[in-house]
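**Q** here is my input, please return the structure:
(3 chains)
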Amino acid sequence: MTPECELPMSAPSDHSKSSPLTTYFAVWVALLFGTFLTYEVAKIDLGPWNAAVALIIASTKALLVALFFMHIKGAHERLLKLVVITTIAFLIILLSLSMADYATRLWS
Amino acid sequence: MRPTPRRCPLADSQIIVETASHAEAYNPALLHHFAEPQQQRDAASLGMWIFLATEVMFFGGLFCAYLIYRLAYFGDFAAASTSINAALGGANTAVLICSSLTVVLAIWAAQTSRRALMLLMLVLTMLFGCAFLGIKAKEYHDKFVEHHVPGASFSFEHEEIPGHPGQYANPHHAEIFFALYFIMTGLHALHMIVGLGVFTWLLWAAWKGRFTPDYYTPLEIGGLYWHFVDIVWIYLFPLLYLIDRHR
Amino acid sequence: MATAPAQPVERENYLNAHYGIRSWLLTTDHKRIALLYLISITFFFFIGGFFALLIRLELLTPAGDLVQADTYNKLFTMHGQVMVFFFLIPSIPAVLGNFLVPMMIGAKDLAFPRINLLSWYLYIIGGAMMLHCILTGGVDTGWTFYTPFSTEFSNTKVIEAGLAIFVAGFSSILTGLNFIVTIHRMRAPGMTWSRLPLFIWAHYATSLIQILGTPVIAITLVLVVAERALHLGIFDPKLGGDPLLFQHLFWFYSHPAVYIMILPSMGVVSEVIACFARKRIFGYTFVALSSITIAVFGFLVWAHHMFVAGISVYAALVFSLLSYSVAVPSAVKVFNWTATLYKGSIRYDAPMLYAFGFVGLFTIGGLTGLFLASLGVDVHVHDTYFVIAHFHYIMVGGALMGYLGGMHFWWPKISGKLYPEGWARLAALIVFVGFNLTFFPQFILGYLGMPRRYYDYSHMPEFQILNVFSTAGATILGVGYLLPMIYFLWSMRYGKPAPDNPWNAAGLEWQTASPPPTFNFDEEPVVTWEAYNYDEIDAAHPEEVSVGG
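**A** Numbering: from 1, shown residues only, chains lettered A, B, ... in the order given. Here you go, the predicted structure:
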């Protein structure tokens, strides 16, 4: 038994059965609303901020799915959060250090 | 009561679980190299999360290519993007979101011994998945008919860049957009198909009564995979379909 | 009345537990899978070595007189691809790692034994595809597959080779996944992170790289195959594509890949030096964390392969600086191994000879990496034999020596037999001499300007003497590699039976029988001691166990 693993990640919540359901439906509504928002905001001219807004909404939706549908929120172990954060960090390394080349090609 | 030993060659050897009392269930799903079911559950869950990490990096290479070319050829990409159907893309996003909901409901049903609901949710998940693929097929068909499929018969002449009347998109750059579009959504669709295969097995196992409130790990890790496929689409939709849509 | 001495009853172990080809091909025992890998990677080592032999034969004379130019391109390509993807990347993790990781942490098996078997089958499938590719014409793009040559102009089997490596890559990913979950979830009671052998830390770090890096080359190969088949334009400058995008994606994996190749070797060296100096590794925490640091920093430096390819000068500066920083954790290890030797009680058994070889040769290889990381120097020595010497010092002088050292160290555990120590020391010496004779002249050749991947250097005939030394060294090196194969096989039949712990080494794997039973331990171990507790071990066993063969 590994010391750092205390409570099961997947145990149903101790309180009343309806609370996970409420959360699930609330997240579902939020995700659908986020999709609608993305679609509508895309029709408004925000200049360079269109892409940023789209990505922020997408990331919020992804976070909701990860936290609530994939049960990261209930996980008592930090390991899973570490896995997610590490992965995102390395993806960002790939994207940003590549951009270090592409963004500066025309400087000289 | 000891079950008859399995003789399937790839199966782990027969498990011996010394139980303190008959009340503690002999768990037929416990594999021999784990000390207890919790350890096995945690291993399966961590294993799936790490697999998802590899998938993130797999798609990540495509996102890197996409990022670089979008910044370099923004106008051409915008022109190409306007020619794909954002309404269908949005519909697909909604379909996947609903399917993610049915997945968590299926797991909740397993946790609370609601067999009929669990089966229903699994079936609905698969139906949503099929709907997604059906809409995708329609989109691909449209692109095929318009000669926007990269390759020998690709054609993207005289398409105006949104917001720049009189300026036409460079067909080569548009072809790069469509190449990335087909590879990214195609790879995603492939993952969906695999997901449907996984859920077919989950449905069969659920039908057979394999899942109880004590053991529903395959549902959980299958669900993790499905949610990941949903998350990839959540990013693909705005990035591919909604470039410069306000013009 | 029989007067012949009674045959000792052979205790059941993982080798004799089941017989028959099915029991091997359908095994889920991590130890058997390790042996399956051992046989397979040795096979590919011969193939890669065969190509190396042909290369060195061609380079004996300045003229391109042994093979044609196109053939030579295929030789160095196949040598690189086979050696990197089908030998070095799997080598230690798939053989020694598979065998030892569960045992070192006190587990009965890896977390996912069937996925372990799947990873071997994926390796075999990828290997079969690569073999088929080789036999039906091969590839000539260089192991680096640079575009647009590989996607547009090469007339060789790029798609097949790319797909072969794609499949083998998943083998690597699954191994890494298995190790990470195993190390997190399957440690025996009392085996805390700070009590783990450094071999485990090294494999954990290696697995991180396998998980995060390999998928990127997988997708890159998909793009290359798609581009080659459909002429998409992603990497083709005529169609608006950027060939450098390929290089960025390729090297994002392929640089960390070199750390996949070296980190497990470093883990072996830590184990061997601690055992044969009878001391705890100096600065255990630093060595453990340096493995993780190397894994992380290794992802930040990839464009140092592209300094003269056309990246922006500002990016080159950034990557140069980052490349210097990645040498720091490696240096930490070298200093700590050296400090471990101080006041140690040193024995010169074969594994230790390989470990010494590793430390010296890896240091040279690593330092020359710093020369290459310097932009000004790199402009001159990029694409010359200097680069080739640098990476062979690390991969052959480092990784391969660590592999051989590890094979010798754990051979008694794996086979239950002792190898002949005299021959082993001789072989280690031959390998060391042969290696330096092969590759040191290449530093000089590169510095003097001999380009890599040239089959004809008749415009620079003065390079011949150094090339002759190099080829002579390669022959000696080949002998040095053949010897262990011969005496290991010999020992399986004629070697002395090995005791459980012939080296009196620390580590859980030595506390079970040689060879181990199928489920590793008769009882689940409970760990109450620190790693490398050689002071306790030697206090309990004052007489040294001699292992002469």
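**Q** hey, let's count contacts and neighbours off CA atoms from now on
**A** Noted.
**Q** tell me which helix or strand residue C:223 sits in.
**A** Per DSSP states H and E, residue C:223 falls inside helix C:198-230.
**Q** tell me the buried residues in that helix?
**A** For helix C:198-230, the buried set under the neighbour-count rule, 16 or more other CA atoms under 10 Å in any protein chain shown, comprises C:198-228.
**Q** residues near the residue of the stretch 401-549 of chain C found nearest chain B, how many?
**A** Closest residue of the stretch 401-549 of chain C to chain B, CA to the nearest CA: residue C:519 (8.2 Å). Residue C:519 has 20 neighbouring residues, counting by other CA atoms under 10 Å in any protein chain shown.
**Q** and the residue lying closest to it once chain neighbours are set aside, backbone torsions?
**A** Distance criterion CA to CA, 6 or more residues apart in numbering or on different chains; nearest residue to residue C:519, sequence neighbours excluded, is residue C:108 at 5.0 Å. Dihedral angles of residue C:108 (phi, psi; degrees, to the nearest 10) stand at phi -90, psi -20.
**Q** near residue C:108, how many other residues are there?
**A** Using other CA under 10 Å, residue C:108 has 25 neighbouring residues.
**Q** one more: residue B:164?
**A** Using other CA under 10 Å, the number of residues around residue B:164 comes to 11.
**Q** chain center to stretch C:241-248: distance?
**A** 28 Å (CA atoms, centre = their mean, to the nearest Å).
**Q** so what touches that stretch?
**A** For stretch C:241-248, the external contacting residues (CA atoms under 8 Å, 6 or more residues apart in numbering or on different chains) are A:98, B:65, B:173, B:176, C:146-148, C:220, C:233-237, C:302-303, C:306, C:309-311.
**Q** how about residue C:508, nearest residue that isn't a chain neighbour?
**A** residue C:104 is the one closest to residue C:508 (CA to CA, 6+ apart), at 5.1 Å.
**Q** residues contacting the one residue in the stretch 51-200 of chain C that gets nearest to chain B?
**A** Nearest to chain B, among the residues of the stretch 51-200 of chain C, is residue C:108, at 5.4 Å (CA to the nearest CA). Listed by CA under 8 Å, 6+ apart, the contact set of residue C:108 reads B:33, C:102, C:519, C:520, C:521.
**Q** how about the residues of chain A by chain B?
**A** By CA under 8 Å from any CA of the partner chain, the part of chain A that sits against chain B consists of A:1, A:8-9, A:12, A:21, A:24-25, A:28, A:31-32, A:35-36, A:38-39, A:42-45, A:50-51, A:54-55, A:58-59, A:61-62, A:65-66, A:69-70, A:80, A:83-84, A:87, A:91, A:94-95, A:98-99, A:102.
**Q** residues making contact with the lengthiest strand in chain B?
**A** Ranked by residue count and defined by DSSP state E, the top strand of chain B is strand B:164-168. Here strand B:164-168 makes contact (CA under 8 Å, 6+ apart) with B:157, B:158, B:159, B:160, B:161.
**Q** so how many other residues sit close to the residue of chain B found nearest chain C?
**A** Residue of chain B nearest chain C, by CA to the nearest CA: residue B:58 (4.6 Å). Residue B:58 has 22 neighbouring residues, counting by other CA under 10 Å.
**Q** cool, residue C:135 as well?
**A** For residue C:135, the count of nearby residues is 9 (other CA under 10 Å).
**Q** swap in residue C:486?
**A** Counted with other CA under 10 Å, residue C:486 comes out at 10.
**Q** could you pull out the helices for chain B?
**A** In chain B, the helices defined using DSSP state H lie at B:37-72, B:74-82, B:86-111, B:115-145, B:171-207, B:217-236.
**Q** looking at those helices, spot the one closest to residue C:401.
**A** helix B:37-72 (30.3 Å; CA to CA).
**Q** any idea of the mean pLDDT in the closest one?
**A** Per-region confidence: helix B:37-72 scores 95 on mean pLDDT.
**Q** other SSEs contacting that helix?
**A** Applying 3 or more CA pairs under 8 Å, 6 or more residues apart in numbering or on different chains; DSSP states H and E, one finds that helix B:37-72 makes contact with helix A:78-102, helix B:171-207, helix B:217-236, helix C:158-185, helix C:198-230.
**Q** out of these, which is closest to residue C:413?
**A** helix C:198-230 (15.8 Å).
**Q** up against chain C, what does chain B have?
**A** Within chain B, the residues that sit near chain C (CA under 8 Å from any CA) are B:9-10, B:12, B:33-34, B:39, B:42-43, B:46-47, B:50-51, B:53-55, B:57-62, B:65, B:150-152, B:172-173, B:175-176, B:179.
**Q** now, of the residues you listed, which are buried?
**A** By neighbour count, with 16+ other CA under 10 Å, those hold B:12, B:33-34, B:39, B:42-43, B:46-47, B:50-51, B:53-55, B:57-62, B:65, B:150-151, B:172-173, B:175-176, B:179 as buried.
**Q** does residue C:394 touch residue C:260 like I think?
**A** No - here residue C:394 does not reach residue C:260: they are 12.0 Å apart, not a contact under CA atoms under 8 Å.
**Q** more neighbours, those two?
**A** The neighbour comparison of residue C:394 against residue C:260 (other CA under 10 Å) goes to residue C:260, with 30 against 24.
**Q** give the contact list for that one.
**A** Going by CA under 8 Å, 6+ apart, residue C:260 touches C:89, C:206, C:207, C:209, C:210.
**Q** who in chain B is up against chain A?
**A** Contacts of chain B with chain A, taken as CA under 8 Å from any CA, map to B:35, B:38-39, B:42, B:46, B:49-50, B:53, B:56-57, B:60-61, B:64, B:67-68, B:90, B:93-94, B:97-98, B:100-101, B:104-105, B:108, B:111, B:223-224, B:227, B:231, B:234-235, B:238-239, B:242-247.
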